[in-house]
Every structure is written in structure tokens, then in C-alpha cells.
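J.: Got a sequence here, can you build the structure:
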Amino acid sequence: MSPDTMIYVKIGGKKYTLPVNPEEIEVSHPHVDKTAEIAGLGEILIPQKPGLREVTFNSFFPGYDDPYVHDYRNPRTLAKAFEKAWKNRTKCRLIISRSVDYDTNMQCVVSDWKITDRGGEPDDLYYSVAFREYRSYGVSQMTVVSGTSTAAVSGPGANLTAADGALSQRVTVSTTTVREMDSPQMVVGASISLNGVYYSDPEADQEIGTANGDTAALTRIDSGRNAPYYVQGMGWFKTSSVSLVG
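T.: As a prediction, this is how the structure comes out:
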């Protein structure tokens, strides 16, 4: 792991910088693909979307400040913040900013939390933690837009019949529901034009480049952030730097 790697955790609106980087970080995805038996063919694989990510690592909160310590804080304060988030199932955000073009940025909950006291190190707190990815969900509503109605005469010609000595015309009316064409929407997969600075995380803490009229597909939206739009291979963009194409 590069010494330039920084790890941040946002809990309840407060941003904590981990003071000491762990020796290793494990990022895993569970196996969610399905299999089925097809007559005459045998077992087949049905690919599914990746499961929820889980990030785990071990480190410690030092009881003293030192040149290698990032943003020193009292270890008891940090431990209480993580334990409270774990007990209350608080939605957090984990940001791992690396020196290469691969960062981890995900909304999550603290799924596992352990503290270890070691003899001879009374001021240090050793811990192991696991973060499980959280995906927002809700009920979508679909609105059916009424369209136009058309009238048609049934049968050949005027199809006139006698009724009580008067001529009448039998007419069958059919109604066709027409769906209006959707206007372009800012959704994942939309084609967008990019102009301006992009960042390593949706909080826009660190600039990593500038786009000038680039066109790309929108990879992710994280509403409510300073830079809510993510483009894979580039970074996070502010709303003012993004516009729809077409």
C-alpha cells in the first residue's frame, strides 16, 4: 500500500481520517450468479449483478501523535464513533484515496467491529472493522399518460339499419393510449458532456483533472453530494460541469 493512501469515514455528517493505514485492505464481492438445469444441455450459468461489496482491515488508533500519523485524534473518541455507528446501523461513507487511478468510495454500514487492548501499549487501541455496502432502494411510480381517441365506422359502407322507421348508423369507437416520448433524463447510462474540474470523491475534496467538452456515459449518481456525477475512468463531477447530450 502506498504511503500516500488516505482512508476517510463519514459518520453522521462528521468526517474521520484514519490515523494509521492498515497493512492490507481486503475488498470482496460475494458470489451471486445462479445455475439452472436445461434439458438436453445440462447445467448453465445465469450471470447476476455483483453482490454488495465488503471492505475489511485491521489497524490501530495510536495514543500519541507522530509524523506518520494522519490527523491525530484521541483513540477513545474514534473508537466511540465507530462503535456507535456499528450499534445504531448508521449509514456511513468509506473513502479510500489511493495514489493510482483506483479509489474506493461507497455508502455503507459498519457490519463488524472489534477492539483489542494489548499489554505494554496502554494508550493504543487495536481494532478490526468491516464495512458492508449500502444501496438505496424505494418504490418507483409509473404514470400512464392518456392519449388521443379515434372513431371508426364498423362494417362496409355506411352500414345503415332501420330502427322504429328511422335510419341509424352503428359506429364502433376505439380508444388508443399514446405514450408521450420521454425527454432526456440524467440517469445512469445517459450520454453527457463534461466541462470543468473532476474530483477523486463525491465530496469534491481533491481535484484530479479537468474535462473540456468530453462526451461519456454517466456511470453513477450520488445525489446530495458536492460532486454527485461519476464517470468511470475520470472521476466525480459537479452539477455545473455536466450536461445532457441529445
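J.: As a check, name the ranges of all helices in this structure.
T.: 75-88 (DSSP state H).
J.: Residue ranges of each domain in it, please.
T.: 6-133, 191-244 (automatic domain parsing).
J.: Let me know which of these is tucked in deepest.
T.: Mean neighbour count (mean count of other Cβ atoms under 10 Å) peaks for domain 191-244 among the domains of the chain, with a mean of 16. All C-beta atoms are positioned from the backbone trio N, CA, C, and that covers glycine.
J.: quick one: terminal-to-terminal distance for that domain?
T.: By Cα to Cα, to the nearest Å, the extent of domain 191-244 from end to end equals 6 Å.
J.: What of stretch 120-138?
T.: 50 Å.
J.: hmm, back to that, could I get the domains of the chain as a markdown table with distance to residue 185 and mean pLDDT?
T.: Putting those into a markdown table (distance: least, Cβ to Cβ, whole Å; pLDDT from 0 to 100) gives the following:
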| stretch | distance to residue 185 | mean pLDDT |
| --- | --- | --- |
| domain 6-133 | 21 | 90 |
| domain 191-244 | 8 | 91 |
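J.: Where is the longest strand in the chain?
T.: As assigned by DSSP state E, the longest strand anywhere in the chain is strand 104-116.
J.: Which elements pack onto it?
T.: Counting contacts by 3 or more Cβ pairs under 8 Å, 6 or more residues apart in numbering; DSSP states H and E, strand 104-116 is packed against strand 54-61, helix 75-88, strand 92-97, strand 125-133.
J.: Switch these over to JSON lines; also include distance to residue 39.
T.: Compiled in JSON lines, those are given as follows (distance: least, Cβ to Cβ, whole Å):
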{"stretch": "strand 54-61", "distance to residue 39": "37"}
{"stretch": "helix 75-88", "distance to residue 39": "49"}
{"stretch": "strand 92-97", "distance to residue 39": "46"}
{"stretch": "strand 125-133", "distance to residue 39": "38"}
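J.: how about these, which one is nearest residue 237?
T.: Among the helices and strands packed on strand 104-116, the nearest to residue 237 by Cβ to Cβ is strand 92-97 (16.6 Å).
J.: ok, for residue 210, nearest residue in space, not its chain neighbours?
T.: residue 197 (5.3 Å; Cβ to Cβ, 6 or more residues apart in numbering).
J.: actually residue 61, not the one I wrote
T.: In this structure, residue 61 finds its nearest non-sequential neighbour in residue 75, 3.4 Å apart by Cβ to Cβ, 6+ apart.
J.: right, and that neighbour touches residue 65 too?
T.: No - Residue 75 is not in contact with residue 65 according to Cβ atoms under 8 Å; the separation is 11.4 Å.
J.: still on that earlier bit, contacting residues around the residue nearest to residue 61?
T.: Residues counted as contacts of residue 75 (Cβ atoms under 8 Å, 6 or more residues apart in numbering) are 60, 61, 62, 63, 123, 124, 125.
J.: Since that was my last question, I'll sign off now.
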